[in-house]
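Q: Take this sequence and fold it.
(one chain, ligands or ions: 1)
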Amino acid sequence: MPEILKGTEVAKALRAELEVEAQTLKARGVQPCGCLIRVGERADDIQYENGAAATFEKLGIRVEKRSFASDVSQDELIFAIDKINADPLIHGVLIFQPLPNHLDARAIRNRLLPCKDVDGMTDLSTIGVYRNEPIGYAPCTAQACIELLDHYKIDVAGKNAVVIGRSNIVGKPLSLLLLHRNATVTLCHSKTRNLREVCKAADILFAAIGRARMIDSDYVSSGQTVIDVGINVLKDGTVCGDVNFDSVAPIVARLTPVPRGVGSITTTVLAKNILSAAGRTL
Ligand code: NDP
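A: Purely as a prediction, here's the structure:
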């Protein structure tokens, strides 16, 4: 059986560090605060909002929730973001996406100051990830993969890292974060030829596809580390990843579970970024 890389363990260790960091900030007169902006009443947004708020509060981070009706106007939302940008007591902001179609999502995202952009949604944060400069922050899920590697002391330098999925929030930023750590990165997508062979040649394989249990024993080889970013909810309510755990487990060296994998780390990374943003104000 492979070593199981548990996201829950990573999040626990990270939270212990963050509690100390929050206390240190408070001792220096800074009460860290994160703001969650939600438009509409999507059940998964509300669930994530509640989970994130609970994590923040446990760490001593104040939470401000701002919710708007699904028919909120562009002007009203921009006005609210401007107020939050100008509020020195709010350090980090998450805007739930996707926004309703009548809104200009790009304009709204980019209205946020990059220094408060703790989930890497502004174009300036993207430039920071691209150039490896601390302008804003990387998207939390991509950063969660890096936290997992760090926790388990998995050095990617010189290794072949294969990322399946090229979305702006996971695959693309993750491939850049790995490149900055000197991995040799191959970024795959739905048009990649010979995907199985490409995956088999990886030292570290990341699956961020959104296809339940697609990566099975045909895609992996012995000695590999396999990190499953996928979160898929099946018709019967079962949650599973993009990797077929039972099929690859007898072959690979290290493997993340779903649930209790990468997804367990994301809100803690958000909290980490809020504390970092609060620290940058000192
Ligand atoms: P997207 O749908 O935005 O992107 C999926 C990517 O997978 C695309 O680049 C697509 O290629 C590629 N792809 C789809 N089918 C195939 C295939 N058959 N072979 C190779 N590549 C394929 O998804 P996200 O990036 O938003 O999410 C990916 C997964 O990660 C999902 O399961 C999602 O639930 C999960 N997720 C988990 C989070 C967490 O906290 N752990 C947070 C966010 C997402 P192409 O570009 O060519 O279409």
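
Q: Spell out which parts of the stretch 1-150 of the chain neighbour the ligand.
A: residue 141 (Cβ under 6 Å from any ligand atom). C-beta coordinates here come from the backbone N, C-alpha and C atoms, glycine included.

Q: Can you name the residue of the stretch 1-150 of the chain nearest to the ligand?
A: Scanning the stretch 1-150 of the chain for the residue nearest the ligand gives residue 141, at 3.9 Å (criterion: Cβ to the nearest ligand atom).

Q: Make sure that residue is actually in contact with residue 229.
A: Yes: using Cβ atoms under 8 Å, residue 141 is in contact with residue 229, at 6.4 Å.

Q: More neighbours: which of the two?
A: More neighbours surround residue 229 than the other of residue 141 and residue 229, with 30 against 23 (other Cβ atoms under 10 Å).

Q: In contact with the more buried one, which residues?
A: For residue 229, the contact set (Cβ atoms under 8 Å, 6 or more residues apart in numbering) comprises 141, 145, 165, 170, 174, 206-208, 241-242, 261-263.

Q: So which of these sit within strands?
A: When DSSP state E is applied, the contacts of residue 229 are split such that 206, 207 fall in strands.

Q: out of the contacts of residue 229, which one sits closest to residue 117?
A: Nearest to residue 117 among these: residue 141, at 14.9 Å, using Cβ to Cβ.

Q: Highest neighbour count among the contacts of residue 229?
A: residue 206 (32 neighbours).

Q: Please look at that residue and residue 224 and confirm they touch.
A: No: using Cβ under 8 Å, residue 206 is not in contact with residue 224; the gap is 11.0 Å.

Q: burial count for the residue nearest to residue 31 when sequence neighbours are not counted?
A: Leaving aside its sequence neighbours, residue 31 sits nearest to residue 62 (Cβ to Cβ, 6 or more residues apart in numbering; 5.7 Å). Close neighbours of residue 62, defined as other Cβ under 10 Å, add up to 15.

Q: got a list of what the residue of the stretch 1-150 of the chain closest to the ligand touches?
A: 169, 170, 174, 208, 229, 262, 266.
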